[in-house]
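Enquirer: sharing a model that was predicted from the sequence below.
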Amino acid sequence: MTTSLVQSQRQPTHLVVALRACAGAFGLVFVYSCGYNLFLLAPSIYLLQIYDRVLSSRSTDTLLMLTLIIAVAVIVGSVLDIVRRAALSRIGSWFDHRLRPCVLTASFEYAARADAGVATDCYRDLASLRQFLDSPASALLFDVPWAPVFLLLLFLVHPLLGAIGVLSAIALLLLALLTELATREPLTQANVALARSYARFATALKYIQVIRAMGMQDGAAQIVYRDAEVARKAQDSAMHRTEIILGFSKSIRTLTQILVMGAATWLVLAENSSPGIIFVASLLLGRGLAPVEGAIGAWRSFAYARNAFNRLNKMLIAVSSDSDTRMVPVPEPSGLILDKVGYALPFSGRPLLSGVKLRLAPGDCVALIGPSGSGKSTLGRIIAGVLQPTSGCALLGGVDISALRLCGGTHHIGYLPQDIELFGGAIKDVIGRLDGSGPGKAIEAAKLVGLHDAIMRLPQGYETDVGEGGNLLLRAQRQQLGLARAVYGYPSLIVLDDPNSSLDYDGERVLFNAIERMKARGMTVVIITHRMGILPVTNKIAIMRNGTVDAFGDSDEIYDTYLQPPSKTGT
């Protein structure tokens with residue numbers, strides 16, 4: 001028996017935990033930023049000392065020493081800037097390394113539960129967060145708190161100069177707020193349209209052969225292009241608005257610079273202040289307004305990083321929302337029980353299944369038959385743990401099948417879907433479910449389904465590459481490999497959805513023999529089929545109609561009662 005502790009939804013997500021773990025590193029970056037910004041005062045101090053000491057004493061030695069001291073200060077400040085940027089880059093690398101596995105797992109989970117497109121975007125968001133930490137915009141965040149310090153120093157030089165600087169900073173902050181309000185809607189539209197364009201492009205590439213064969217290539221390109229154009233126009237709109245506001249901010253910055261220098265000159269003339277305050281005031285104003293003005297230019301980066309963080313955190317919360325802190329026991333499963341299983345489509349609420357009840361013992365083989373749309377494949381996905389029922393439960397050995405995945409018990413289930421996608425490279429990895437083990441168990445699975453000899457006839461045997469998604473194989477070959485993957489590790493439950501749809505007579509004989517071997521090993525086999533030829537290998541039949549089981553029992557009894565063609569009588 002194995003157990004697994006599942007994370008509680010009340011706990012912070014991995015993203016929040018990783019961010020908290022970076023608090024010390026961010027604190028160190030802030031210390032570096034403090035040193036860097038302090039050393040930015042060096043030119044202002046240099047100018048004041050030149051006017052107050054060098055020009056009055058006309059001492060070249062004082063000038064030389066001051067120059068050397070300020071040069072060292074400038075170099076140290078530059079080194080601190082380099083160090084803090086390198087630290088932010090290291091934080092981004094660690095952040096990515098720490099979160100990549102759990103975000104990848106959560107993206108797979110969210111794609112299975114809800115929306116694959118959203119999961120793809122959230123997976124990209126992790127890269128967006130790292131790029132933000134590597135960008136100058138992240139360092140700018142540590143400079144913004146120093147803007148009030150420089151403006152305060154400007155007040156100490158003279159209240160009039162400080163007042164001009166503060167009013168200018170307020171104007172720039174208002175422009176930054178205006179940038180947020182003006183670009184929020186178009187940036188959101190651009191993100192949605194771009195995600196839709198990428199999703200449709202990926203779908204078109206997946207079905208490119210069908211699209212080309214039916215002359216739909218130009219139409220598909222137009223659909224993808226239309227979404228890309230919507231995204232481009234929205235991005236252009238946001239960019240143009242930002243450029244206009246940035247132009248106003250530069251004008252305000254320049255006018256403020258002129259006004260401060262004029263006011264400082266007036267103070268020199270009217271109050272006999274040191275002429276050095278003209279340059280000092282200009283430098284302090286520049287350092288005080290630079291982070292604020294930079295924030296306007298980097299607002300798109302801030303907005304993208306914030307949206308990426310919110311989307312990624314929302315997905316992580318959604319994925320962990322069904323978990324709790326209970327220790328869930330996972331016994332060795334035996335037998336399948338469906339207890340009033342129901343399933344309704346998300347959002348629409350339209351029921352596909354209702355009140356489905358079945359009970360199968362180890363070694364049973366049941367055929368789910370019925371007209372198209374009766375819910376056979378949906379029920380098969382629930383039994384395989386792909387879908388979670390909206391009512392009732394599916395139990396394997398007394399354990400909810402949907403909980404097996406959370407507890408690491410998916411090796412108890414094998415599944416062969418209708419649309420077979422073979423993920424992996426070599427045949428041994430495809431069959432072995434990418435578990436990283438040696439070829440031994442893969443060979444056993446191939447022998448169980450009668451595929452071993454065919455694989456050994458290949459030039460590279462089990463090391464043969466099947467291509468992305470198995471595109472180097474025929475559909476029948478993909479179906480046989482998918483069957484071997486389903487029985488890998490001798491799972492307790494096997495779900496086969498239309499397993500003989502692409503097989504010829506010889507292939508069907510091999511499949512029937514494989515099913516007999518599964519039954520002999522005590523596996524519970526569920527077969528979803530439209531072809532009656534597979535019924536002889538089953539010992540149970542369930543007839544489905546309108547999303548429920550209309551009849552269920554021994555194969556001979558159900559066949560004779562419901563499926564036997566009426567006998568013809570002479571007249």
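Expert: Done, it's in.

Enquirer: now the residue most central in space within the chain: which helix or strand?
Expert: Centroid-nearest residue in the chain, with CA atoms, centre = their mean: Tyr123, separated by 2.2 Å. Using DSSP states H and E, Tyr123 falls within helix 116-134.

Enquirer: mind giving me the packing neighbours of that helix?
Expert: Judged by 3 or more CB pairs under 8 Å, 6 or more residues apart in numbering; DSSP states H and E, helix 116-134 is in contact with helix 60-113, helix 159-206, helix 299-320. The C-beta positions use only the backbone N, C-alpha and C, and glycine is treated the same way.

Enquirer: list the buried residues for it?
Expert: Neighbour-count burial for helix 116-134, counted by 16 or more other CB atoms under 10 Å, picks out 117-123, 125-126, 128-134.

Enquirer: any chance you could list what contacts that helix?
Expert: 88-89, 91-93, 95-96, 99-100, 103-104, 106-108, 110-111, 138, 191, 195-196, 198-199, 301, 304-305, 308-309, 311-312, 315 (CB atoms under 8 Å, 6 or more residues apart in numbering).

Enquirer: from Ser138, how far off is the closest residue to Asp96 other than its chain neighbours?
Expert: Leaving out its chain neighbours, the residue that sits closest to Asp96 by CB to CB, 6 or more residues apart in numbering is Arg130, at 4.6 Å. Note on Arg130: its distance to Ser138, by CB to CB, to the nearest Å, is 10 Å.

Enquirer: turn the helices and strands packed on helix 116-134 into JSON lines, columns for distance to Trp146, mean pLDDT and mean neighbour count.
Expert: As requested, those are arranged in JSON lines below (distance: least, CB to CB, whole Å; pLDDT from 0 to 100; neighbours: other CB atoms under 10 Å):
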{"stretch": "helix 60-113", "distance to Trp146": "13", "mean pLDDT": "87", "mean neighbour count": "16"}
{"stretch": "helix 159-206", "distance to Trp146": "12", "mean pLDDT": "83", "mean neighbour count": "17"}
{"stretch": "helix 299-320", "distance to Trp146": "18", "mean pLDDT": "84", "mean neighbour count": "19"}
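
Enquirer: and Gly349, what is it in contact with?
Expert: Contacts of Gly349 by CB under 8 Å, 6+ apart: none found.

Enquirer: that one looks like it's in a strand, true?
Expert: No: read with DSSP: H, G, I helix; E, B strand; the rest coil, Gly349 is coil and lies in no strand.

Enquirer: show the average pLDDT along stretch 44-58.
Expert: The average pLDDT within stretch 44-58 is 77.

Enquirer: so what touches that stretch?
Expert: 59, 62-63, 66-67, 70, 274-277, 279-280, 283-284.

Enquirer: all strands of this structure, in order?
Expert: Assigned by DSSP state E, the chain shows strands spanning 2-5, 327-330, 336-344, 351-360, 365-369, 391-396, 399-400, 413-416, 493-497, 524-528, 540-545, 548-554.

Enquirer: export these to CSV and append columns for distance to Gln257, mean neighbour count and mean pLDDT.
Expert: Converted to CSV, the strands of the chain look like this (distance: least, CB to CB, whole Å; neighbours: other CB atoms under 10 Å; pLDDT from 0 to 100):
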stretch, distance to Gln257, mean neighbour count, mean pLDDT
strand 2-5, 61, 12, 37
strand 327-330, 66, 15, 48
strand 336-344, 65, 19, 90
strand 351-360, 68, 19, 89
strand 365-369, 78, 24, 92
strand 391-396, 69, 20, 88
strand 399-400, 69, 18, 83
strand 413-416, 69, 24, 88
strand 493-497, 72, 26, 90
strand 524-528, 75, 27, 92
strand 540-545, 78, 21, 92
strand 548-554, 78, 16, 90
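
Enquirer: in TSV: these, plus distance to Gly432.
Expert: Below are the strands of the chain laid out as TSV (distance: least, CB to CB, whole Å):
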stretch	distance to Gly432
strand 2-5	20
strand 327-330	21
strand 336-344	25
strand 351-360	27
strand 365-369	25
strand 391-396	22
strand 399-400	24
strand 413-416	13
strand 493-497	17
strand 524-528	21
strand 540-545	30
strand 548-554	35
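
Enquirer: how is this structure divided into domains?
Expert: Following automatic domain parsing, one gets these domains for the chain: 12-135+317-321, 147-297, 329-563.

Enquirer: what's the spacing between Asn37 and Gly397?
Expert: Taking CB to CB, one finds Asn37 at 64 Å from Gly397.

Enquirer: now do the contacts for the closest residue to Glu463 other than its chain neighbours.
Expert: Computed as CB to CB, 6+ apart, the closest residue to Glu463 that is not its neighbour in sequence is Ala426, at 4.9 Å. By CB under 8 Å, 6+ apart, the residues touching Ala426 are 460, 462-466.

Enquirer: nice, that's everything, thank you.
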